[in-house]
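Asker: all I have is the shape, not the residue letters:
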């Protein structure tokens, strides 16, 4: 539950977040996601309100509400990503312990690859991937190579087992080319070995990968965020009463021994996450051609001109040599004729 939120020291609210469901962490929220229709909420830029792009979120996690045996730790999971990228929080999320003020400092690096015919990279979003994006509440996410491989694994598992991987439950709507339609696949039972064996077979077979995952090409624009984390103890004694009042006023049930252990409960459940930008400079790496079209024609023209020039000079020298030989022979013949007449 969010206790407070600010962006560049100005208050923010739940309306600035887009909810989505992770197949590992459950309900998650994205700040400043790019939407297909921005009529109700504009994209927020780092220099808004004259700041440096600092996002501060304070949370109270209510650890006593966690389902026993499913989680062996308490805290929050955060991920810094571009607002056009699908949040791959299951693989790239940073686990943050409660009872701390967590700082996430980031800087951005972007790699631009050449498009066809120089590389096979793509920006095209397949119908299957677009169907999965529907679970992310009108967000305008782009192509993801990692997601593409997950989805082609789902398709192969469905064709082999009649059901899809239950862990990737939000990727159960996909286009099956053999059926020529989009289906909403049933989920396999978790202990069903069929889907695990099918996906394992797919990932270890080059012919199958070429058949089912041929659209999974490298992204033309690769955006990475280099992260550094640090933390301090939290909260201070002067803030305990405010947090206590906030928890008691919420509709979520409190622990049975709250009146005696509320201070320990707050220290165990409260955390603040500060996301800050290290620098406004973005490191860009751009792939370029060794020889472009203009360079190609210039080299061809230069080489052609050079060799044609040499050939013309040689022909002129040959003509001159033949002329001198013919002239010399003519003079010899002429002298012989004159000598015979005398």
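Answerer: Nice, I can see it. The structure presented is a predicted model; accordingly, all values stated were derived computationally and were not measured.
Asker: what about the strands in the stretch 201-342 of the chain?
Answerer: 221-233, 270-277, 283-286 (DSSP state E, counting those that start in this stretch).
Asker: if you compare those, which one is most tucked away?
Answerer: strand 270-277 (a mean of 20; mean count of other CB atoms under 10 Å). C-betas here are computed from N, CA, C, even on glycine.
Asker: how much space separates residue 189 from residue 304?
Answerer: Using CB to CB, to the nearest Å, one gets 70 Å for the distance from residue 189 to residue 304.
Asker: please apply the same query to residue 72.
Answerer: Distance from residue 72 to residue 304, counting by CB to CB: 72 Å.
Asker: more neighbours, the two?
Answerer: Using other CB atoms under 10 Å, the more surrounded residue of residue 72 and residue 304 is residue 304, with 10 against 6.
Asker: can you give me the pLDDT of that one?
Answerer: The pLDDT attached to residue 304 in the predicted structure is 72.
Asker: can you pull the domain assignment for the protein?
Answerer: 1-106+224-288, 122-217, 299-342 (automatic domain parsing).
Asker: make a markdown table from the strands of the stretch 201-342 of the chain and add distance to residue 294 and mean pLDDT to it.
Answerer: Listed next are those as a markdown table, based on distance: least, CB to CB, whole Å; pLDDT from 0 to 100:
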| stretch | distance to residue 294 | mean pLDDT |
| --- | --- | --- |
| strand 221-233 | 25 | 94 |
| strand 270-277 | 39 | 95 |
| strand 283-286 | 18 | 92 |
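Asker: of all those strands, which one comes closest to residue 126?
Answerer: Nearest to residue 126, of all these, is strand 221-233, at 17.3 Å by CB to CB.
Asker: now the angle between strand 270-277 and the closest one, please.
Answerer: Strand 221-233 runs at 140 degrees relative to strand 270-277, counting by axes from the mean of the first three to the mean of the last three CA atoms, to 10 degrees.
Asker: what helices and strands are in contact with strand 221-233?
Answerer: Judged by 3 or more CB pairs under 8 Å, 6 or more residues apart in numbering; DSSP states H and E, strand 221-233 is in contact with strand 94-97, strand 100-112.
Asker: adjacent strands (with direction) for it?
Answerer: If you go by DSSP bridges, strand 221-233 pairs up with strand 100-112 (antiparallel).
Asker: any idea which helix or strand comes after the partner strand?
Answerer: Per DSSP states H and E, the first helix or strand lying C-terminal to strand 100-112 is helix 127-133.
Asker: pLDDT (mean, whole number) over the very next helix or strand once past that following helix?
Answerer: Heading C-terminal from helix 127-133, the first helix or strand you meet, by DSSP H and E, is helix 145-161. The average pLDDT within helix 145-161 is 91.
Asker: list the buried residues in helix 145-161.
Answerer: Using 16 or more other CB atoms under 10 Å as the test for burial, helix 145-161 gives 147-158, 161.
Asker: check the residues you listed against residue 325 and report the nearest one.
Answerer: residue 148 (75.0 Å).
Asker: next one: stretch 155-162 to chain centre, how far?
Answerer: Centroid separation for stretch 155-162 versus its chain: 27 Å, with CA atoms, centre = their mean, to the nearest Å.
Asker: hmm, who's touching that stretch?
Answerer: 128, 163-165, 174-176, 178, 183, 185-186, 188, 192, 194-195, 198-199, 202, 208, 212 (CB atoms under 8 Å, 6 or more residues apart in numbering).
Asker: can you lay out the helices and strands packed on strand 221-233 as TSV showing mean pLDDT, distance to residue 239 and mean neighbour count?
Answerer: Rendered in TSV, the data for the helices and strands packed on strand 221-233 read as follows (pLDDT from 0 to 100; distance: least, CB to CB, whole Å; neighbours: other CB atoms under 10 Å):
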stretch	mean pLDDT	distance to residue 239	mean neighbour count
strand 94-97	93	18	14
strand 100-112	95	11	17
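Asker: as a markdown table, these with distance to residue 248 would be great.
Answerer: Shown next, in a markdown table, are the helices and strands packed on strand 221-233 (distance: least, CB to CB, whole Å):
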| stretch | distance to residue 248 |
| --- | --- |
| strand 94-97 | 24 |
| strand 100-112 | 23 |
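Asker: for residue 79, find the nearest of these.
Answerer: So among the helices and strands packed on strand 221-233, strand 94-97 is nearest, using CB to CB, at 6.7 Å.
Asker: report all helices and strands that that closest one contacts.
Answerer: Going by 3+ CB pairs under 8 Å, 6+ apart, strand 94-97 lies up against strand 75-78, strand 221-233, strand 270-277.
Asker: now the ones you listed in CSV, with distance to residue 108?
Answerer: Below are these laid out as CSV (distance: least, CB to CB, whole Å):
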stretch, distance to residue 108
strand 75-78, 16
strand 221-233, 6
strand 270-277, 8
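Asker: follow-up on the earlier one: restricted to buried residues, select the contacts of stretch 155-162 in PyMOL.
Answerer: Of the contacts of stretch 155-162, the buried ones can be selected in PyMOL as follows, counting by 16+ other CB under 10 Å:
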select buried, resi 128+163+164+165+174+175+185+188+195+198+199+202+212
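Asker: so which of the contacts of stretch 155-162 sit within helices?
Answerer: Among the contacts of stretch 155-162, the residues falling in helices (DSSP state H) are 128, 194-195, 198-199, 202, 208, 212.
Asker: report the lowest-confidence entry in these.
Answerer: residue 128 (81).
Asker: my guess is it meets residue 151, correct?
Answerer: Yes - contact between residue 128 and residue 151 holds when scored by CB atoms under 8 Å: they sit 5.1 Å apart.
Asker: if anything else comes up later, I'll come back, but that's it for now.
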